[in-house]
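Engineer: My questions are about this predicted structure, shown below with the sequence.
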Amino acid sequence: MFDSLQQRLGATFDKLRGRGALTEADVDAGLADIRTALIEADVALPVVKEFIDKVRPKAVGEGVIRSVTPGQQIVKIVHDQLVETLGTENSTLDLGSPPAPILMVGLQGSGKTTTSAKLALMLQTREKKRVLMASLDTQRPAAMEQLKVLGEQAGVPTLPIIAGQGPLEIAKRAMASAKVGGYDVLILDTAGRQHIDDQLMTEVAQVKAQTGPHETLLVADSLTGQDAVNIAKSFNERVAISGIILTRADGDARGGAALSMRAVTGAPIKFLGVGEKLDALEAFHPARVAGRILDMGDVVSLVEKAAERLDKEKAEKLARKMKKGEFDMNDLAEQLKQMKKLGGMSGVLAMLPGVGKMKDQLSAAGVDDKILVRQEAVISSMTKQERANPDVINGSRRKRIAAGAGVEVSEVNKLLKMHRQMSDMMKKMNKGGRAMQGLSALFGGGGGMPPMPPGLPKR
């Protein structure tokens, strides 16, 4: 989401770090570059002006310019200001007493209905809440059916559809059903439009007045850039939103909406939609997002995602095999599946510090999610014997495996080499005692972080 901003800011900070001692003119030149980077990322001009006005006095202070590492000091100042602009800390949902109504608002096409299902699934699985969903969208054909299908996929009940009812009637019936059914949360998916109009705002305001939602969440497409800020401002003025969910944050967005919306509306960004799947919804942590923007990585989120998504039982089983120095192709296949659960190569690498500067190298080296697909295909093309004992794979077997997987023999050779290196590493660490205990804790007790495939470009 913040790729272009990350690259521009990274280049600016590299220049500042490379100068050693800094003059006030050097800092001003760097701030001018930061200002340009923010504007190009679609950050609203008033927000850019306020950002630079707050950073400059701290950046040109004697404590920075005369410090041993002035470049690093400025990076910290910018980081802290990014966190302040984004909202200081993660803002959780205010659910209060059940059934807590959550009103989902936004324009048509922003991903509101899908996001409603994602939020319901998250509340049901992570928070252990009983959730009911109801579609109030009588404008868009099949909108109610879409929410029903998504509810079935997520395992979340939806309000039965009764033809001919209007939004207020449906909302009233949903509130009654949520109370009678003993639900903790009621998610109300309102209708949207292609653009903001009085009819849309009046309808949303009426539903809000009738249901008294604990949360009014604006769902906005981060790809809309500067216009997303205007949309947020309009909704906030009419229905007083309590939070924002940015969808398609995994797309090629400039990131300006995230930096502007909090400042313009005062409403915190609470979640990011980071994929098409129903579990692709992340809590928004300002400090972690600021770290990603400045290429400091986000290892905390990576570990949390690993603990949540990876199979602990399988990880512990693998840890026990590793203690014995065992690691076959079946184990490697399982590790590749675990990597995909974390968002693939791109998802994991994006969370690691300093990877932003290596993107061109990684691309040139062909390090992407296609590697995982090819490697899985190669392992699937092996017999049970070959997967259990890779040492039996000779030249003729390699040709057969390559043909079955639709790849070159060199791909099979790379995978076998990778497996051999990992297997040798396991055996050495097994002899190391303490080192093996640490690795076992990571794989078994820590959620089972899969190893990164070798061959990544060196920084």
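Structural biologist: Great, that's in hand. Numbers count the residues shown, from 1 in each chain.

Engineer: So which elements touch the helix or strand hosting Phe51?
Structural biologist: For Phe51, the host element (DSSP states H and E) is helix 45-59. Counting contacts by 3 or more C-beta pairs under 8 Å, 6 or more residues apart in numbering; DSSP states H and E, helix 45-59 packs against helix 24-40, helix 70-86, helix 256-265. C-beta: built from backbone N, CA, C; applies to glycine.

Engineer: Just name the most buried of those.
Structural biologist: Among the helices and strands packed on helix 45-59, the stretch with the highest mean neighbour count (mean count of other C-beta atoms under 10 Å) is helix 256-265, at a mean of 25.

Engineer: from what I can see Leu278 touches Leu121, true?
Structural biologist: Yes: with contact defined as C-beta atoms under 8 Å, Leu278 reaches Leu121; the gap is 5.1 Å.

Engineer: just to revisit the earlier point, as JSON lines, the helices and strands packed on helix 45-59 with mean pLDDT and distance to Ile293 would be great.
Structural biologist: Conversion of the helices and strands packed on helix 45-59 to JSON lines gives the following (pLDDT from 0 to 100; distance: least, C-beta to C-beta, whole Å):
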{"stretch": "helix 24-40", "mean pLDDT": "83", "distance to Ile293": "10"}
{"stretch": "helix 70-86", "mean pLDDT": "78", "distance to Ile293": "6"}
{"stretch": "helix 256-265", "mean pLDDT": "77", "distance to Ile293": "9"}
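
Engineer: Include distance to Ser380 when you put these into JSON lines, please.
Structural biologist: Shown next, in JSON lines, are those (distance: least, C-beta to C-beta, whole Å):
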{"stretch": "helix 24-40", "distance to Ser380": "44"}
{"stretch": "helix 70-86", "distance to Ser380": "43"}
{"stretch": "helix 256-265", "distance to Ser380": "40"}
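
Engineer: one step back: between the helix holding Phe51 and helix 256-265, how big is the angle?
Structural biologist: 90 degrees (axes from the mean of the first three to the mean of the last three C-alpha atoms, to 10 degrees).

Engineer: can you list the domains in the protein?
Structural biologist: With automatic domain parsing as the criterion, the domains of the chain are listed as 3-86, 100-301, 309-445.

Engineer: what is in contact with Leu278 and Leu121 at once?
Structural biologist: Ala154 (C-beta atoms under 8 Å, 6 or more residues apart in numbering).

Engineer: still on that earlier bit, quickly compare the domains of the chain and say which is most buried.
Structural biologist: Per residue and on average, the most neighbours among the domains of the chain fall to domain 100-301, with a mean of 20 (mean count of other C-beta under 10 Å).

Engineer: residues touching Gly30, list them.
Structural biologist: Neighbour list for Gly30: 12-13, 15-16, 59, 74 [criterion: C-beta under 8 Å, 6+ apart].

Engineer: the strands in this protein, which residues?
Structural biologist: 100-105, 131-135, 185-189, 215-221, 243-247, 269-273, 281-283 (DSSP state E).

Engineer: Flag the shaky bits of the chain, pLDDT-wise.
Structural biologist: Along the chain, the parts satisfying pLDDT under 70 run over 1-4, 17-21, 62-71, 88-90, 225-226, 251-255, 292, 295-325, 341-369, 425-459.

Engineer: could you measure the closest residue in space to Val78 that isn't next to it in sequence against Gly10, distance?
Structural biologist: The spatially closest residue to Val78, leaving aside those adjacent along the chain, is Val55, at 6.0 Å (C-beta to C-beta, 6 or more residues apart in numbering). From Val55 over to Gly10 the distance is 17 Å, taken as C-beta to C-beta, to the nearest Å.

Engineer: before we move on, back to that, restricting the selection to alpha carbons, write the helix holding Phe51 to PDB.
Structural biologist: Presented in PDB, the C-alpha positions along helix 45-59 are these (Å, rounded to 0.1, in the frame of the first residue of the first chain):
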ATOM      1  CA  LEU A  45      -2.400  19.300   1.400                       C
ATOM      2  CA  PRO A  46      -3.500  20.700   4.800                       C
ATOM      3  CA  VAL A  47      -2.200  17.400   6.400                       C
ATOM      4  CA  VAL A  48       1.100  17.700   4.600                       C
ATOM      5  CA  LYS A  49       1.500  21.300   5.700                       C
ATOM      6  CA  GLU A  50       0.700  20.400   9.300                       C
ATOM      7  CA  PHE A  51       3.100  17.400   9.200                       C
ATOM      8  CA  ILE A  52       6.100  19.400   7.900                       C
ATOM      9  CA  ASP A  53       5.300  22.300  10.300                       C
ATOM     10  CA  LYS A  54       5.500  19.900  13.300                       C
ATOM     11  CA  VAL A  55       8.600  18.000  12.100                       C
ATOM     12  CA  ARG A  56      10.800  21.000  11.100                       C
ATOM     13  CA  PRO A  57      11.300  22.700  14.600                       C
ATOM     14  CA  LYS A  58      12.400  19.300  16.000                       C
ATOM     15  CA  ALA A  59      14.600  18.400  13.000                       C
END
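
Engineer: ok and it relative to helix 24-40, angle-wise?
Structural biologist: Comparing the axes of helix 45-59 and helix 24-40 via the same axes, to 10 degrees yields an angle of 160 degrees.

Engineer: next one: helix 45-59 to chain centre, how far?
Structural biologist: 27 Å (C-alpha atoms, centre = their mean, to the nearest Å).

Engineer: same thing with stretch 159-167?
Structural biologist: Using C-alpha atoms, centre = their mean, the offset of stretch 159-167 from its chain centre is 34 Å.

Engineer: List of residues touching that stretch?
Structural biologist: Here stretch 159-167 makes contact (C-beta under 8 Å, 6+ apart) with 132-138, 144-145, 148, 170, 173-174, 177, 190-191, 203, 206-207.

Engineer: Do me a favour and get the end-to-end distance for that stretch?
Structural biologist: Using C-alpha to C-alpha, to the nearest Å, the end-to-end distance of stretch 159-167 comes out at 13 Å.

Engineer: Need the outlier residue of the chain, farthest from its centre.
Structural biologist: Ser396 (43.5 Å; C-alpha atoms, centre = their mean).

Engineer: distance of that residue from Ala249?
Structural biologist: 48 Å.

Engineer: Helices of the stretch 101-250 of the chain, residue ranges please.
Structural biologist: When assigned using DSSP state H, counting those that start in this stretch, the helices of the stretch 101-250 of the chain occupy the ranges 112-125, 143-154, 167-180, 198-211, 226-239.
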